[in-house]
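Trainee: okay, here's the prediction I keep looking at, along with the sequence it came from:
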Amino acid sequence: MAGKGGRKRALRLYFATDIHGSERCFRKFLAAAKAYDATVLIMGGDIAGKGLVPIRDHGATLSATVRGETVTVPRADEERLRGEINKLGFYSVLRDDSEVDRLERDPAAQATEFRREIVAQIKHWAELVEERLDPWIRCIITPGNDDPLEIDPVLHSAPRIDCPEGELFDLGPALLASCGDVTPTPWNTDREFPEPELAKRLAKMLDAVPKGREVIFNFHNPPYSSGLDFAAELDANLLPVIRGGRPSIIPVGSTAVRNAIRQYQPSVALHGHIHESKGAQKIGTTLCLNPGSDYAADLLRGVVVDIAEDGSSLDFLFTAG
């Protein structure tokens, strides 16, 4: 990607989001630094998996419920089974029948174990960052609404990870403003706020940007009706609403995020949250990007963005691999 108008590239960043516990996608994320010659990696939230899948230990065989069906494999295939479960965004735990029955009867115990697995994985990923990234590569990971609050101290304590959630972070040519909060969803996750409260939280951070300093948004929630936020409309039972024989597709983004983009006009706004709404749009002078997510297909989607010395965007390229 060449600079436009004589402007020189001062920074190349790689952004990905919504990998939902996928071990392979996280390893690909780390590899993106060399693959795309990026010096800043940004993971924009929803890194935690979707749930827990207990594996029943029968001795010579193992069984688990995967995609609603019982799967039985020889014990020698344990790693393959765990890998398939992880690819779907779930954590596997190996237990005997009595322990699996206990977990299935006790949602609170299962939730506790689920959150314990999330924290264990983030600690493991922090070690991978230390092992695999060259010292000059900056790794920024901020949470999204599907990430429990327990991961924040893990990210903050990781030596090679920066987690500037709700803060301004100096990237050199521009400041990075990050927010993993979203407007209410049907799933009542940890970081949901009504539009007025989200607007206050964004303004508190953005009003501190020094005059004349360029800024890049790393907001998990995409702007409302931007083309980056279209998803299936769901009914009270979380089933797709059908209108005219087709699933109804509606904008589900945030008006607070859209208004913030209009008011502050960052050079680039990076978003996720809505996996199926990959795209690039302009709101005023701001380049808004959502690389989408296909983690369940074992595919890491991302976007490479070149930033000029004055903090403006030079070019971008969506990636998949």
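Mentor: Nice, I can see it. Numbering: from 1, shown residues only.
Trainee: can you list contacts of stretch 282-291?
Mentor: 15-17, 217, 222-223, 226, 228-229, 258, 261-262, 265-274, 277-281, 301-303, 305, 313, 316, 318-319 (C-beta atoms under 8 Å, 6 or more residues apart in numbering). In short, each C-beta sits where N, CA and C put it, glycine included.
Trainee: check which residues of that stretch are buried.
Mentor: Under the neighbour-count criterion of 16 or more other C-beta atoms under 10 Å, stretch 282-291 has 283, 286-291 buried.
Trainee: tell me the mean pLDDT for it?
Mentor: What stretch 282-291 shows for mean pLDDT is 98.
Trainee: how about the strands in the stretch 51-200 of the chain?
Mentor: Secondary structure of the stretch 51-200 of the chain (DSSP state E, counting those that start in this stretch): strands located at 51-57, 61-66, 69-74, 90-95, 138-141, 161-162, 168-170, 175-179.
Trainee: mind checking the ones you listed for the one nearest to residue 212?
Mentor: Closest to residue 212 of the strands of the stretch 51-200 of the chain is strand 175-179 (C-beta to C-beta; 11.4 Å).
Trainee: for the closest one, packing partners?
Mentor: strand 168-170, helix 195-206, strand 215-219 (3 or more C-beta pairs under 8 Å, 6 or more residues apart in numbering; DSSP states H and E).
Trainee: ok, now with 6 Å
Mentor: Packing partners of strand 175-179 (3 or more C-beta pairs under 6 Å, 6 or more residues apart in numbering; DSSP states H and E): strand 168-170, strand 215-219.
Trainee: now that strand: mean pLDDT?
Mentor: 98.
Trainee: contacts for that strand?
Mentor: 142, 164-165, 168-169, 205, 213, 215-219 (C-beta atoms under 6 Å, 6 or more residues apart in numbering).
Trainee: residue contacts, residue 320?
Mentor: Neighbouring residues of residue 320 by C-beta under 6 Å, 6+ apart: 299, 301.
Trainee: give me the pLDDT for it.
Mentor: The model's pLDDT for residue 320 equals 97.
Trainee: ok, now residue 246?
Mentor: 92.
Trainee: pull the number of nearby residues for it.
Mentor: For residue 246, the neighbour count with other C-beta atoms under 10 Å is 9.
Trainee: the chain should start at 777 in everything you say after this.
Mentor: Fine by me, first position is 777 from now on; the one you just mentioned is residue 1022.
Trainee: what sits against it?
Mentor: Per C-beta under 6 Å, 6+ apart, neighbours of residue 1022: none.
Trainee: go again using 10 Å as the cut-off
Mentor: Residue 1022 sits next to residue 1016 when contact means C-beta atoms under 10 Å, 6 or more residues apart in numbering.
Trainee: same deal with residue 914?
Mentor: 787, 789, 809, 814-818, 936-938, 945, 947-948.
Trainee: which one of these sits in the busiest neighbourhood?
Mentor: residue 818 (28 neighbours).
Trainee: distance of residue 809 from residue 1078?
Mentor: 11 Å (C-beta to C-beta, to the nearest Å).
Trainee: now do residue 886
Mentor: Relative to residue 1078, and taking C-beta to C-beta, residue 886 is found at 32 Å.
Trainee: quick one: end-to-end distance for stretch 787-804.
Mentor: Start-to-end span of stretch 787-804 (C-alpha to C-alpha, to the nearest Å) is 20 Å.
Trainee: would you mark the buried spots in that stretch?
Mentor: Residues of stretch 787-804 classed as buried: 787-799, 801-802, 804 (neighbour count, 16+ other C-beta under 10 Å).
Trainee: now, which of the contacts of residue 914 lie within helices?
Mentor: Under the assignment DSSP state H, the contacts of residue 914 contribute residue 809 to helices.
Trainee: would you mind giving the contacts of residue 914 as JSON lines with distance to residue 850 added?
Mentor: Below are these laid out as JSON lines (distance: C-beta to C-beta, whole Å):
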{"residue": "787", "distance to residue 850": "50"}
{"residue": "789", "distance to residue 850": "45"}
{"residue": "809", "distance to residue 850": "38"}
{"residue": "814", "distance to residue 850": "42"}
{"residue": "815", "distance to residue 850": "45"}
{"residue": "816", "distance to residue 850": "44"}
{"residue": "817", "distance to residue 850": "38"}
{"residue": "818", "distance to residue 850": "41"}
{"residue": "936", "distance to residue 850": "39"}
{"residue": "937", "distance to residue 850": "38"}
{"residue": "938", "distance to residue 850": "43"}
{"residue": "945", "distance to residue 850": "49"}
{"residue": "947", "distance to residue 850": "50"}
{"residue": "948", "distance to residue 850": "53"}
